[in-house]
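1. Predicted model and sequence follow; I will ask about them next.
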Amino acid sequence: MGARSGDIKNAEDFQRLVPLTSKNDIKGDPAAFVLQPAVPGRERLYDTAPLRKTDMARYVIEAMKSPTQPGAPDRLKTFRSRVEQAARREWFPIHFHASGGTTGEPTPSMYTHRDIFTVTPRVAAMANLCGIELDHRALNLFPAAPHLAFFQVVMSQFLLGGCVFHTCGGAVIPTERQIVLAEKGKFDYIAAIPSYLTYWLETAKKMKESGAIKGIDTIKYAVVAGEPMVPAYRQRLKEQFAALGSDAKIIEGYGMTELKGAFYSCGEGSGIHLSAENYFWEVLDPETKRPAPEGAPGVLTFSHIDFRGTSLLRYYTGDLINGLVWDKCPNCGMTGPRLIVPMSRAVKDFSKIKGSRVSMLDLQTAIRNAPGVESFQVVITKENPDDPFSRDYVKVFAAPRSGSESKDIERDIKRNVKLDCEITPNEVIFLSNEQIEERLFQRTGLKADWIVDERRMPTEG
């Protein structure tokens, strides 16, 4: 981009000189977004600055303090090897979340040892604002998958302490077994995607009515993320908890794999507290890409501060929020940036489906890449169309090519969509090419509706 650090003296310079970053940029070259200082004696892959003398001195001091390392091989007993290992802990990625697609281009967010043990605890500790205590028992209902929603809970538990049981999702432990476990385990809080939690609570209510369980009366907090949480949705969840015997506060969360962190509200409707220590936040007008006035709606954009591994500048999330304010929180008294809730939606090129932020283009491409698909249409609805709080339901209408087997097409569609978008269609329905075309053009007669969203969102009242 041609800018040097000395050229940036204020926020205006930063926004003028540093271009926006998108998910497509990361897909193009994920390694380019990993901080990789030049090392003497090694080929420089990118135009990056060399390790500073102060850094090298720090690694020497660290090696001197630790003459041996528990569990390390004998080669690390030499002084040089210990210095090199100290540098690796800061810069070498050891963990990543990623979603690999059918194109073979994963989009990872990489963490170094320093990221995990130095920066992540600062971010994870902000969850304590809502009142969760170290001795509380937690039930994690997020599915085990290579993205932040699951690993944020795991990392928080291991780095900060806490008693958490990870169900790894309904595909691993059936919902009914989770509910029996929740009754016996006396958990204090639950972490989940809202739509799955609604289904989970409805199932628990039916089990209580049938006598399968007596009730679940110990839940104090429900930490929900992945979907908008309007007041009506929150009230629905509270009523469902009350039917089981629990008086639960609904705590909203916001995060994404690229963010390398998740943030939460300190109380119901308080706004979501963001870290000003490890992120630079912007809200941009979606048309002009210029900063919106404080408190005005816009697209949330962030830059990492002090991270190693994947480190993003001005990452344009595509999430249209109702605004960002810097003030003293009327609920907890903390001063800092807060997302105004309820959050709105994603911009038109993205949508939240089953808790995942899905690119509409990626969804179309995944289906088109399935062998044997002549034409198609995707319909996103609700499991119960009359209940806006029920789980998302994805139907793919497909016209098969001549000579293709329906079972093979269905398998490939579900596989591709799972890989590219981290969701799985609930149903694949086969129609003729003429029937698909009629569906595609029935609304305008001019422009094909490849994806139709029939979900009726809850009202904010």
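-> Right, received. Where do you want to start?
2. What is the neighbour count of the residue nearest to Ala191 when sequence neighbours are not counted?
-> Residue nearest to Ala191 in three dimensions, not counting chain neighbours: Val223, with 4.4 Å by Cβ to Cβ, 6 or more residues apart in numbering. For the C-beta atoms, the positions are set from N, CA and C on the backbone; glycine is no exception. Burial of Val223 is recorded as 25 neighbouring residues (other Cβ atoms under 10 Å).
3. Now for Val223, which secondary structure element holds it?
-> Applying DSSP states H and E as the criterion places Val223 in strand 221-225.
4. What's the per-residue pLDDT of the residue nearest to Ala191 here?
-> Note on Val223: pLDDT of 93.
5. what's across from it in the sheet?
-> Judged by DSSP bridges, the bridge partners of Val223 are Ala191, Ile251.
6. That one is in contact with Phe187, isn't it?
-> No - the criterion here is Cβ atoms under 8 Å, and Val223 misses it with Phe187 at 11.8 Å.
7. From the contact counts, what lies against the host helix or strand of Ile61?
-> Take DSSP H and E as the rule and Ile61 turns out to sit in helix 53-65. Here helix 53-65 touches helix 79-91, going by 3 or more Cβ pairs under 8 Å, 6 or more residues apart in numbering; DSSP states H and E.
8. what's downstream of the helix it packs on, the next helix or strand?
-> Once helix 79-91 ends, the next helix or strand along the chain (criterion: DSSP H and E) is strand 93-97.
9. who does the helix or strand just after that following strand pair up with?
-> Sequence order places strand 109-112 as the next helix or strand after strand 93-97, per DSSP H and E. Strand pairing for strand 109-112, using DSSP bridges, gives strand 93-97 (antiparallel).
10. How much space separates Ala127 from Pro291?
-> Distance, Ala127 to Pro291, using Cβ to Cβ, to the nearest Å: 28 Å.
11. Show me which of the two is the more surrounded one.
-> Just comparing Ala127 and Pro291: by other Cβ under 10 Å the higher neighbour count belongs to Ala127, 23 against 16.
12. part of a helix, is that one?
-> Yes - judged by DSSP: H, G, I helix; E, B strand; the rest coil, Ala127 forms part of a helix.
13. Would you confirm that it contacts Ser156?
-> Yes - counting by Cβ under 8 Å, Ala127 touches Ser156, with 6.5 Å between them.
14. got a list of what the residue positioned nearest the centre of the chain touches?
-> The residue lying closest to the centre of the chain (Cα atoms, centre = their mean) is Met256, at 2.7 Å. By Cβ atoms under 8 Å, 6 or more residues apart in numbering, the contact set of Met256 is Leu148, Thr317, Arg357.
15. In which helix or strand does the last one reside?
-> Using DSSP H and E, Arg357 maps to strand 356-359.
16. Which secondary structure elements does that strand sit against?
-> strand 350-353, helix 406-421.
17. Repeat the analysis, applying 6 Å as the threshold.
-> strand 350-353 (3 or more Cβ pairs under 6 Å, 6 or more residues apart in numbering; DSSP states H and E).
18. Send me the strand it packs on as PDB with only the CA atoms.
-> Extracted in PDB, the C-alpha atoms of strand 350-353 (Å, rounded to 0.1, in the frame of the first residue of the first chain):
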ATOM      1  CA  PHE A 350     -24.200 -12.200   3.500                       C
ATOM      2  CA  SER A 351     -26.800 -13.700   5.800                       C
ATOM      3  CA  LYS A 352     -26.800 -15.500   9.100                       C
ATOM      4  CA  ILE A 353     -28.000 -19.100   8.500                       C
END
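19. Not counting residues beside it along the chain, what's closest to Gly309?
-> Spatial nearest neighbour of Gly309, excluding adjacent residues (Cβ to Cβ, 6+ apart): Met110 at 4.0 Å.
20. What is the neighbour count of Met110?
-> Using other Cβ under 10 Å, Met110 has 23 other residues around it.
21. Run through the bridge partners of the residue nearest to Leu313 when sequence neighbours are not counted.
-> Nearest non-adjacent residue to Leu313, counting by Cβ to Cβ, 6+ apart: Ser303, 4.7 Å away. With DSSP bridges as the criterion, Ser303 is bridged to Phe280.
22. show me the contacts for Ser303.
-> With contact set as Cβ atoms under 6 Å, 6 or more residues apart in numbering, Ser303 has these partners: Phe280, Leu313, Arg314.
23. Output the residues you listed as a markdown table; include the columns pLDDT, distance to Thr365 and neighbour count.
-> Output for these, formatted as a markdown table (pLDDT from 0 to 100; distance: Cβ to Cβ, whole Å; neighbours: other Cβ atoms under 10 Å):
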| residue | pLDDT | distance to Thr365 | neighbour count |
| --- | --- | --- | --- |
| Phe280 | 96 | 32 | 15 |
| Leu313 | 95 | 27 | 16 |
| Arg314 | 96 | 26 | 18 |
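24. Of these, which is the nearest to Leu139?
-> Phe280 (34.4 Å; Cβ to Cβ).
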